[in-house]
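> no sequence on this one, just coordinates:
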């Protein structure tokens, strides 16, 4: 896994300041946002180009942290106004986020502009944003080897047609289990995945939180193990971290074969299992490559029979 | 897997007539009950001795079916009155049973009497019944190699102390994820499993429905894959079938090593994945050993990375 010589990963999505309370504690205006979580995770494997928007109030220390991780910020727009803020809490059921407030601020008028130097990126990840903006990104990239998208239930209700158009144009769709069932109106994840693949993607990855993840490709199925989490201090960004780890690993190997997709799912799960151990990006700041490899081997041990 | 020469499995639990409605259809007064589901599943691997109670109204055809599967019915008490009946339905969320009526009938005064010939059984499964009755069974068996118990949320509330006494005396505890969290008052399944093991069992198996199962032993963890179910026609008895398949496989190999427990979890999952494909025990009636082996290999393929 040599980061510097790998193909680049282009990531487009939100950059935020999150205030989060869980049974384990709380943070105020901590670094967050789907593009941040996925970029940091991907940066353990490959160089990242981030496209998003921040306000003038965005702390310089966060920019320095991102730059220190081989994340190119040329595509990060700085606008007059305040950065996107989200606040919420988690109760006993740590899988269920309760939103207290969403202030889109500068993110409300975000239009992704892909810098010229980014347009030939081989790996393109459309994190959870308005599907119409995801389409604008796809219009601007010139030679992707693999395009991937995430979404959320809000867009499945309000912009279903645009999201299905995104599905027509991407290779890999990430969704959590509830979103897949909602989009496809079936309780069966297998049927939902097949339906999604009919729209376009050759690969569908269903995220199941603590229950792991499932990878569907044409005719194959991979059930990634769930990791035995002792304590989830803050689940915020777990899905984004999973996706970033997946894409980073794929880019670092430049291999989109099905066996390598399986390994990438487990690397994504590995990164996510660390991320929930602390608030915001704190665990990622001190995570080492040795820890990643050791936990990947642990995933192998818990899945073997 | 030679059935006739294997050690015997003793199973104690309910025998019922179930009326079930799901989005896929309905049955009236069909064969059911935890001891029936688990006995049929176990009988694919080892000879079974069933202890339970039925009323005079229990159809002879069901007795014939059980006998045809190497299930010894000497311990099945026949009492004046009607057989235990349960009726319920499942909606879109196929994991959630809604009870319409429970008529305990002769099951209300059930006291397990273990026939002399059964007392030396090597493998003893206490299916979901009153924990005080589970203790009475343990008092009557003389030389078990492995004792296993199941339970339900009702007993965790109403007979918690008796159930913890059962845990002190068994080797393997089966529980679904919600029950484990409820019993141990923690959202962490890892912590719940450790707490349960402090009470006594050396092995804890958490059932997660469509998300598979997790096996905890001292210092090890096995995350069994979830099977890609296309359609769940009737989930009734899936957990009991899982447990029966597990125990039957263990008995057939007479091997309680950790690697063999893992294989048994996958055989249990295999049997359960078939059982939900049809109502009542219908899928079990036509299930073949070749189908079991083929699906076990499929479980291997979907878990490999």
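Looks like it arrived, so ask away. A quick note: this is a predicted structure, and the numbers were derived from the prediction, not measured.
> any idea how far the residue nearest in space to the middle of chain A lies from chain B?
The structure's chain A has its C-alpha centroid closest to residue A:240; by CA atoms, centre = their mean the separation is 2.6 Å. Residue A:240 sits 21 Å away from chain B, taking CB to the nearest CB, to the nearest Å as the criterion. In short, each C-beta sits where N, CA and C put it, glycine included.
> Check residue A:150 too.
Distance from residue A:150 to chain B, by CB to the nearest CB: 21 Å.
> from memory that residue sits against residue A:176, does it?
No. The criterion here is CB atoms under 8 Å, and residue A:150 misses it with residue A:176 at 9.3 Å.
> quick one, helices of the stretch 101-250 of chain A?
Under the criterion DSSP state H, counting those that start in this stretch, the stretch 101-250 of chain A contains helices at A:131-140, A:153-158, A:160-169, A:177-184, A:189-199, A:238-253.
> rewinding a little: ok now do the nearest residue to the residue nearest to the centre of chain A once chain neighbours are set aside, which residues does it touch?
Spatial nearest neighbour of residue A:240, chain neighbours left out: residue A:37 (3.6 Å); criterion: CB to CB, 6 or more residues apart in numbering or on different chains. Shown in contact with residue A:37 (CB atoms under 8 Å, 6 or more residues apart in numbering or on different chains): A:237, A:240-241, A:244, A:275, A:281.
> pLDDT value on residue A:37, please?
Per-residue confidence (pLDDT) for residue A:37: 98.
> Ok, residue A:247 next?
On the pLDDT scale, residue A:247 gets 98.
> my read: it touches residue A:42, true?
Yes. Applying CB under 8 Å, one finds residue A:247 in contact with residue A:42, separated by 5.3 Å.
> Name the residues of chain A found near chain B, please.
Neighbours of chain B within chain A, by CB under 8 Å from any CB of the partner chain: A:92-94, A:187-191, A:208, A:210-212, A:214, A:221-232, A:259, A:262-263, A:265-266, A:300, A:302-305.
> what do you get if the cut-off is 6 Å, keeping everything else the same?
Proximity of chain A to chain B (CB under 6 Å from any CB of the partner chain) is limited to residues A:92, A:94, A:187-188, A:190, A:211, A:221-223, A:225-226, A:228, A:230, A:262-263, A:266, A:302-303, A:305.
> quick revisit: which of the helices of the stretch 101-250 of chain A sits most buried?
Greatest average neighbour count among the helices of the stretch 101-250 of chain A goes to helix A:238-253 (a mean of 28), per mean count of other CB atoms under 10 Å in any protein chain shown.
> same for it, what does it pack against?
helix A:34-42, strand A:123-126, helix A:258-275 (3 or more CB pairs under 6 Å, 6 or more residues apart in numbering or on different chains; DSSP states H and E).
> Check which element follows the first one along the chain.
It refers to helix A:34-42. strand A:48-55 (DSSP states H and E).
> what's the spacing between that following strand and its chain's center?
Here strand A:48-55 shows a centroid-to-chain-centroid distance of 14 Å under the convention CA atoms, centre = their mean, to the nearest Å.
> who are the neighbours in contact with the residue nearest to the centre of chain A?
A:34, A:37-38 (CB atoms under 6 Å, 6 or more residues apart in numbering or on different chains).
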